[in-house]
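1. can't give you the sequence, but here's the structure:
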């Protein structure tokens, strides 16, 4: 496990007033969802269902698929570990730079894996390929047509498409519907980023029924806790009403990126999401992170531990206008 590949707030001593290191939606969990979870606290005296299967029915209704095509997990991370276990001792390719848990899962279950650039996808002969779409940390995207081409050209390769941030872009849409068409497609999604409930750990797999049965056979019972199940039920029944406006968030991001780009020594890398990389042209990302914590109680993501990233980079995720302006002032003051 790599500490610091996500929100490392738990490692920081003292108060953090503004957290730009986490990619969850900055306005927080909807109050109505918090209220639902709060009212269910007394129910933790009973066991949850072993596989959270009640969520399958609601997800199937939302996505117009069969309930047998879903498997709910303890965050998206459990899904990646289950998939790696299913393909234990086989060959994997990971499109990098990207989320570190794909690599960690491959290590634990002894997959012979390689980190590849997106341009190398057509050449890989791996049994399993991990693609984050949109990608973390750079916000790059693959179109539906690009992905379908891969599925068709490589029917013996299983593609894991991580859509944890699919609602943080307007450039592409989910390809969940394609799971009914391609047996070599496994989609992993998360409810924690969009609805700001990372502490509850709730993700899910969408694939054909055969793949789900295989994954379910490896899954430990009761990995999804009761409060997460209750939150999931409410979210799936009220998805559109609870979901944030992506266009509005990306408009805020455009302004924020322009502010950062105008600073001397900072280069904003193009992104299709509300999070983006910033290259430090003259100084250290580690030093900047330390300065912001100590002097301004601001946390940013030091992106230098992402493999296949060469140089000094931080990752920022759009926050409120007020918080964004406070960060800009702090960056201006850094010398």
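-> Yes, it's here. Note that the coordinates shown come from a computational prediction; the quantities given were computed from them, not determined experimentally.
2. the helix or strand harbouring residue 32: which residues count as buried?
-> For residue 32, the element it lies in under DSSP states H and E is helix 31-39. Buried positions in helix 31-39, judged by neighbour count with 16 or more other Cβ atoms under 10 Å: 33, 36-37. (Glycine included, C-beta is placed from N, CA and C.)
3. measure the nearest residue to residue 324 once chain neighbours are set aside to residue 16 for me?
-> Nearest non-adjacent residue to residue 324, counting by Cβ to Cβ, 6 or more residues apart in numbering: residue 256, 4.8 Å away. Taken as Cβ to Cβ, to the nearest Å, the spacing of residue 256 relative to residue 16 amounts to 19 Å.
4. any idea whether residue 130 is helix, strand or coil?
-> strand (DSSP: H, G, I helix; E, B strand; the rest coil).
5. ok, it - how many residues close by?
-> The number of residues packed around residue 130, counting by other Cβ atoms under 10 Å, is 28.
6. nearest spatial neighbour of it, chain-adjacent residues omitted?
-> Of all residues beyond its chain neighbours, the one nearest residue 130 is residue 102 (4.2 Å), with distances taken as Cβ to Cβ, 6+ apart.
7. longest helix in the chain, please.
-> Residue-count comparison of every helix in the chain, with assignments taken from DSSP state H, identifies helix 246-261 as the longest.
8. residue 91 contacts residue 116, correct?
-> No - assessed by Cβ atoms under 8 Å, residue 91 is found out of contact with residue 116, at 11.7 Å.
9. looking only at neighbour counts, state which of residue 256 and residue 16 leads.
-> In this view residue 256 and residue 16 are compared by other Cβ under 10 Å, and residue 256 has more residues nearby, 24 against 16.
10. show the contacting residues for that one.
-> By Cβ atoms under 8 Å, 6 or more residues apart in numbering, residue 256 lies in contact with 316, 318, 324.
11. what kind of secondary structure is the first one in?
-> When the structure is split into helix, strand and coil by three-state DSSP, residue 316 lands in strand.
12. what's the separation between it and residue 245?
-> Here residue 316 is placed at a distance of 20 Å from residue 245 (Cβ to Cβ).
13. same check, this time on residue 73
-> In this structure, residue 73 lies at 28 Å from residue 245, with Cβ to Cβ as the measure.
14. so for these two, which sits in the more crowded spot?
-> Neighbour tally, residue 73 and residue 245, criterion other Cβ under 10 Å: the higher count belongs to residue 73, 26 against 8.
15. surely that one meets residue 203?
-> Yes - with contact taken as Cβ under 8 Å, residue 73 and residue 203 are classed as touching, separated by 4.9 Å.
16. right, and the helix or strand after the helix or strand hosting residue 106?
-> Here residue 106 sits within helix 101-108, counting by DSSP H and E. Towards the C-terminus, the helix or strand next in line after helix 101-108, according to DSSP H and E, is strand 112-116.
17. and the angle for that following strand with helix 101-108?
-> Angular relation of strand 112-116 and helix 101-108 on a 0 to 180 degree scale: 160 degrees, by axes from the mean of the first three to the mean of the last three Cα atoms, to 10 degrees.
18. may I see the buried residues of strand 112-116?
-> For strand 112-116, burial by neighbour count (16+ other Cβ under 10 Å) applies to 113, 115-116.
19. chain center to it, what's the gap?
-> Remark: strand 112-116 is offset 20 Å from the chain centroid, using Cα atoms, centre = their mean, to the nearest Å.
20. partner strands of it and their direction?
-> Each strand that pairs with strand 112-116, with its direction, by DSSP bridges: strand 91-95 (parallel).
21. now the strand it pairs with and strand 128-132, what's the angle there?
-> In terms of direction (the same axes, to 10 degrees), strand 91-95 departs from strand 128-132 by 20 degrees.
22. residues in contact with strand 91-95?
-> By Cβ under 8 Å, 6+ apart, the residues outside strand 91-95 that reach it are 84, 102-103, 106, 111-118, 120-121, 124-132, 135.
23. same question, stretch 314-331
-> Outside of stretch 314-331, the residues that reach it under the criterion Cβ under 8 Å, 6+ apart are 18-24, 26-27, 137, 249, 252-253, 255-256, 259-260, 263, 266, 274-278, 280, 285, 288-289, 292, 295-296, 298, 300-303.
24. residue nearest the centroid of the protein?
-> residue 164 (3.8 Å; Cα atoms, centre = their mean).
25. can you pull the contacts of that one?
-> 76, 132, 136, 188-190, 193, 203.
26. change it to 6 Å
-> In this structure, residue 164 makes contact with 76, 190, 193, judged by Cβ atoms under 6 Å, 6 or more residues apart in numbering.
27. got the residues you listed as JSON lines, with distance to residue 43 and pLDDT columns?
-> What follows is the contacts of residue 164, written out as JSON lines (distance: Cβ to Cβ, whole Å; pLDDT from 0 to 100):
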{"residue": "76", "distance to residue 43": "25", "pLDDT": "97"}
{"residue": "190", "distance to residue 43": "23", "pLDDT": "97"}
{"residue": "193", "distance to residue 43": "25", "pLDDT": "94"}
